[in-house]
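**Q** Task: produce atomic coordinates for the following.
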Amino acid sequence: MSKVAIVTDSNSGITQQQAQELGISVLPMPFMIEGKTFFEGISLSQEEFYQKLKTGAAISTSQPSPESVLQLWKDLLKDYDSIVHIPMSSGLSGSCQTALMLAQDFDGRMQVVNNQRISVTQRRSVLDARYLAAQGMEAEEIKDFLEKDKYNSSIYIMVDTLLYLKRGGRITPAAAALGTILKIKPVLQIQGEKLDAFAKARTTAQGKQIMMNAIKNDITKRFGKEPEQADMWLDIAHTNNNAAALDFREEVLGQFPGCESYVDHLSLSVACHIGPGALAVTCTTRNGE
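**A** Next comes the predicted model:
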């Protein structure tokens with residue numbers, strides 16, 4: 001049985017410490033903040049990120065440098081026969097396309113997965129890859145499996161403030177001002193490669209119910225399962241809103257008792273566009289652990 005290494009980036013929510021415990025590798029995503037480069041989980045913590053966001057600092061996302069990617073791959077290939085690399089969605093970053101280009105020089109030993117995942121759904125792909133490798137599956141087989149499975153997930157996000165959508169140019173200042181007056185909380189959706197508008201809520205309770213109704217619709221219509229016995233991952237994500245996320249998890253599991261759930265921070269690459277206070281629920285098929 002060949003030895004397969006699993007690589008992802010910090011958009012998966014997997015910390016450096018967790019990566020060591022899991023036996024995988026995580027590339028830290030770089031952020032430009034007021035002209036300086038910081039690396040998620042290395043020189044930029046969650047707390048520091050949100051503090052800088054709160055002060056109105058200019059924050060932009062980037063992708064790991066080709067040099068850092070190549071160095072990690074070459075180091076791993078000293079001990080492994082092949083690598084499965086799982087970057088964030090190609091629709092949300094150029095890092096996947098860069099990795100696909102770099103992989104062409106590795107004679108098939110490098111398999112880059114383009115499965116349109118981010119945050120906790122990307123984390124689920126990483127754990128699936130780890131499980132499949134432990135079962136003896138080859139790197140190319142794991143890549144094919146994950147790419148065929150890519151649309152078996154959904155993310156719904158309720159945004160708490162319109163400020164950051166306005167700052168990023170995703171809505172106009174006039175729409176942001178009106179939405180703030182009306183206390184509108186947009187619900188966004190990630191299915192596949194795009195972050196899209198899904199619905200509008202007037203209260204937090206309404207927004208949470210909209211997301212749970214959307215998940216129920218996905219479970220019954222897309223996945224053909226009964227909500228009470230769905231046996232899927234219904235993970236919760238948030239942007240600096242952990243207490244509310246834990247409460248939301250209990251509400252979700254109350255409606256979907258056959259599922260299991262994990263709570264984590266929403267990817268900082270998404271958080272910088274939507275700001276703090278957001279809540280998200282994700283739906284992902286179970287493939288292994």
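
**Q** Which parts of the stretch 51-200 of the chain are strands?
**A** 59-61, 82-86, 110-112, 153-158, 185-191, 194-201 (DSSP state E, counting those that start in this stretch).

**Q** For stretch 69-88, what does the pLDDT average out to?
**A** For stretch 69-88, the mean per-residue pLDDT is 96.

**Q** buried ones in that stretch?
**A** 69-70, 72-73, 76, 80, 82-88 (16 or more other CB atoms under 10 Å). C-beta here means a position set from N, CA and C on the backbone, and glycine is covered the same way.

**Q** what does stretch 63-70 give?
**A** Quick answer for stretch 63-70 (16+ other CB under 10 Å): 63, 64, 69, 70.

**Q** Mind listing residues that contact that stretch?
**A** Here stretch 63-70 makes contact (CB atoms under 8 Å, 6 or more residues apart in numbering) with 9, 27, 28, 29, 30, 93, 94, 95, 98, 99, 102.

**Q** Name all residues that make contact with the third one.
**A** Spelled out, that is residue 28. 9, 10, 16, 39, 40, 41, 42, 64.

**Q** How much space separates it from residue 184?
**A** Separation of residue 28 from residue 184 (CB to CB, to the nearest Å): 35 Å.

**Q** and if you look at the fourth one?
**A** Look at residue 29 and residue 184: by CB to CB, they are 30 Å apart.

**Q** For burial, what's the neighbour tally of residue 149?
**A** 18 (other CB atoms under 10 Å).

**Q** List phi and psi for it.
**A** phi -90, psi 0 (degrees, to the nearest 10).

**Q** related to what we said a few turns ago, which one, of the strands of the stretch 51-200 of the chain, ends up nearest to residue 23?
**A** strand 82-86 (12.9 Å; CB to CB).

**Q** which strands and helices sit next to the closest one?
**A** strand 4-9, helix 66-76, strand 110-112, helix 119-134, helix 139-148 (3 or more CB pairs under 8 Å, 6 or more residues apart in numbering; DSSP states H and E).

**Q** Mind doing that once more with 10 Å?
**A** Counting contacts by 3 or more CB pairs under 10 Å, 6 or more residues apart in numbering; DSSP states H and E, strand 82-86 packs against strand 4-9, strand 25-27, helix 66-76, helix 95-103, strand 110-112, helix 119-134, helix 139-148.

**Q** who does the helix or strand containing residue 32 pair up with?
**A** Assessed by DSSP states H and E, residue 32 sits inside strand 30-33. Strand 30-33 pairs in its sheet with strand 36-39 (antiparallel), strand 59-61 (antiparallel), by DSSP bridges.
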